[in-house]
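*Asks:* sequence first, then the predicted structure:
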Amino acid sequence: MSTPAAGPDAGAAAILSPAALEFVQDLNRRLGPRRDEVLARRVLRRDEAGRTGSLDFLPGTAGIRDADWVVPPAPRSPGPSSGSGSTVQCRFRTVSR
């Protein structure tokens, strides 16, 4: 078994195959600049929200936000007394190492 290389990718090299590492590195090369741009915009947006105390939403979504919303009642929980519906049972198991 070979020893993973030291450095920033040492942890990744210990768990990813060379092909997977190459794939992730390629994604970073291609998408890294865009990711950095989006993250920088996020910081600006967060700072603006902190400074103004409000979030501005897209004008095109105002109709959705201003609409009258009606939410149906929650369904009745099935149980032994209801006699209908399905029941989900969960079982937990303690595993010692």
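*Replies:* Arrived safely. Numbering: from 1, shown residues only.

*Asks:* tell me the secondary structure for F57?
*Replies:* Recorded secondary structure, F57: coil (DSSP: H, G, I helix; E, B strand; the rest coil).

*Asks:* just give the nearest non-adjacent residue to it, would you?
*Replies:* Nearest residue to F57 in three dimensions, chain neighbours excluded: R65, at 6.6 Å (Cβ to Cβ, 6 or more residues apart in numbering). In this view, the C-beta of every residue, glycine as well, is placed from N, C-alpha and C.

*Asks:* state the distance from that neighbour to V71.
*Replies:* Plainly put, R65 is 15 Å away from V71 if you go by Cβ to Cβ, to the nearest Å.

*Asks:* now do the residue nearest to F57 against D56, distance only.
*Replies:* R65 is 12 Å from D56, by Cβ to Cβ.

*Asks:* same deal with V70?
*Replies:* 27 Å.

*Asks:* more neighbours: the two, which one.
*Replies:* Shown here are V70 and D56; by other Cβ atoms under 10 Å, D56 has more neighbours (9 against 5).
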